[in-house]
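[1] Sequence plus predicted model, see below.
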Number of protein chains: 2
Amino acid sequence: MSLLVVGSVAFDSIETPFGKAERVLGGSATFFMYAASYFTKQRLVGIVGADFPREILSELQERGVDTSGLTIDPKGKTFHWTGRYEGDMNAAQTLGVSLNVLGTYKAKVPESFRDSEYVFLANDHPQTQLDVLASVKGEPFCVADTRDFWIVEQPKLLAELLKKVDGLVLNEHEARLLTGEKNLVKAGAGILKQGPDFVVLKKGEHGALLFCSEGIYAVPACPLEVVRDPTGAGDAFAGGLMGYLASTGKRSLEAVRRGITYGTVTASVAVEDFSVDAV
Amino acid sequence: MSLLVVGSVAFDSIETPFGKAERVLGGSATFFMYAASYFTKQRLVGIVGADFPREILSELQERGVDTSGLTIDPKGKTFHWTGRYEGDMNAAQTLGVSLNVLGTYKAKVPESFRDSEYVFLANDHPQTQLDVLASVKGEPFCVADTRDFWIVEQPKLLAELLKKVDGLVLNEHEARLLTGEKNLVKAGAGILKQGPDFVVLKKGEHGALLFCSEGIYAVPACPLEVVRDPTGAGDAFAGGLMGYLASTGKRSLEAVRRGITYGTVTASVAVEDFSVDAV
């Protein structure tokens, strides 16, 4: 089945207690695609600048990604995020954001991608996420991500999006922010009431909780000896989940349960090294 | 099979964001026994003062506990711990400790209990734990708990104990302290090298990790809407584990894996209310 991912392709400069990486491949769509590529082909919608290496494009294509929906802005530079992890590495500290080509870009799904049956909406302005989803024909199985900024700044649009997606993936902090509930079980149940069929609450090294009409399903993370860089773990998780679902053509809650187990594995691999080096 | 527990029976005064409890039943052995009582009969070794209510003794007996190893000091008062939980409730703040009868007590296993086949050594001075274990005949299946104080103050005796027990249960903080490893997977593996056949690393609301020769087994905690008082969660966990094992007569790692799932459930129940009110 066809899997569409709409998100960022970027450069990251990262420092963790275990090393440094300068201007390496990053971005939500990137981590998603590398993880999902173990399961299925994909279609990418996003933007990069003229500075984006052709070799990476080739590698994505070799991994089964149709990059015809990736705009290459000849006059612009690729989005660049600079961040640092300290202590328990559970939260990134953003040191710098150069939006570059992402600053004025609004994702648009090319005609040839509009029959996609599975859609992952990486973190973006909820209006863009709504527009993208509306442009896909039929009834795609759609999972969205979001972040604290949109929860605070665009609550109405986000509420609209939640009514239209099948699933939402978010972290503990975002779940608490979205519902005002400190207890995660109450927060997960609260989000479920806002529309989606399921909610995946990501807890980093502590695994994930799946909330759905059938109850709560808790899955631990893979215990790792080495965590060098947690960047992209959430998107790699979504990639494992959606890649599995798209590869099987399933949409049932039972399949989602199995999918989050795959997501747990792909996320675990992603954090073992910088960028997509371990994937 | 006969299950012996050696630990404290106490009064607790506790404050959490969800309420207050004054001079309620507490103690490591208590939480252990209430949890294990769902599975099997038990033998208790410990001490209380003249102020300890007869009704509680009767209740323990009704739950299948042989209290003939419980010393009642007619001149002393029962051990009393005062503590508070704040924020995420993962760590207790000790506000007061009145050792009372526990101050001079050294646990001694009565002759009639020395044929016990399963032994749980709750947190205590490692020398006492060693002496208790040495006094039990044959080859009992023994699991011990410890705490940061003994890890720092009695490393040699603790190392000796680790060579003699089948399993050790401890929390994240203690595992890191015992091994000097920040990464929990390395910490678990490090403790395993010190002697025990298995190590259970308790992570509170995030579940537990079992380390053994067969690998690592991760189990999430039961997702709870209500956590009123985390006191005794670790001992309730051990009670579920040991109660299950003793009730089946099994000692295999496969049985331990199943046992920690039961421990996860009994710990989850324990934290839903103050003292043993939910158990």
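    Cool, got the structure.

[2] if I read this right, residue A:94 contacts residue A:81, doesn't it?
    Yes - Residue A:94 lies in contact with residue A:81 (C-beta atoms under 8 Å); the separation is 7.0 Å. The C-beta positions use only the backbone N, C-alpha and C, and glycine is treated the same way.

[3] These two - which one has more neighbours?
    Per other C-beta atoms under 10 Å in any protein chain shown, whichever of residue A:94 and residue A:81 has more neighbours is residue A:81, with 20 against 9.

[4] Need the three-state assignment for the more buried one.
    strand (DSSP: H, G, I helix; E, B strand; the rest coil).

[5] How about residue A:273?
    coil.

[6] How far does stretch A:105-121 stretch from one end to the other?
    Start-to-end span of stretch A:105-121 (C-alpha to C-alpha, to the nearest Å) is 15 Å.

[7] That stretch: how far from the chain's middle?
    15 Å (C-alpha atoms, centre = their mean, to the nearest Å).

[8] Check stretch A:164-171 too.
    On C-alpha atoms, centre = their mean, the centre of stretch A:164-171 falls 11 Å from that of its chain.

[9] C-alpha coordinates for that stretch, CSV please?
    What follows is stretch A:164-171 as a C-alpha-only set of coordinates in CSV (Å, rounded to 0.1, in the frame of the first residue of the first chain):
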residue,chain,number,x,y,z
LYS,A,164,-9.9,13.9,11.2
VAL,A,165,-7.0,11.7,11.9
ASP,A,166,-7.0,8.0,12.8
GLY,A,167,-4.1,8.3,15.2
LEU,A,168,-2.0,10.9,17.1
VAL,A,169,1.5,10.3,18.3
LEU,A,170,2.9,12.6,20.9
ASN,A,171,5.2,12.7,24.0
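
[10] does any part of it sit near chain B?
    No - contact of stretch A:164-171 with chain B (C-beta under 8 Å from any C-beta of the partner chain) is absent, the minimum separation being 14.0 Å.

[11] any residues touching that stretch, and which ones?
    A:121, A:130, A:133, A:141-147, A:162, A:178, A:191, A:195-204, A:234, A:237-238, A:241, A:251, A:256 (C-beta atoms under 8 Å, 6 or more residues apart in numbering or on different chains).

[12] what lines up beside the helix or strand of chain A with the lowest mean pLDDT in the sheet?
    Lowest on mean pLDDT, DSSP states H and E among the helices and strands of chain A sits strand A:92-98, with a mean of 91. Paired strands of strand A:92-98, with direction, are strand A:80-85 (antiparallel) (DSSP bridges).

[13] okay, which residue is most central for chain A?
    Centroid check for chain A by C-alpha atoms, centre = their mean gives residue A:235 as the closest residue, at 3.2 Å.

[14] Could I get the pLDDT score of that residue?
    For residue A:235, the pLDDT comes out at 97.

[15] Please apply the same query to residue A:19.
    Looking at residue A:19, its pLDDT reads 89.

[16] Same check on the one 3 residues further on?
    The predicted structure scores residue A:22 at 95 on the pLDDT scale.

[17] Ok, residue A:99 next?
    At residue A:99, pLDDT is 94.

[18] how about it, what does it touch?
    Neighbour list for residue A:99: residue A:79 [criterion: C-beta under 8 Å, 6+ apart].

[19] Quick check: residues of chain A near chain B?
    In this structure, chain A approaches chain B at residues A:183-186, A:188, A:203, A:206-207, A:209, A:216, A:218-227, judged by C-beta under 8 Å from any C-beta.

[20] now do 6 Å
    By C-beta under 6 Å from any C-beta of the partner chain, the residues of chain A that approach chain B are A:183, A:185, A:186, A:206, A:207, A:209, A:216, A:218, A:220, A:223, A:225.
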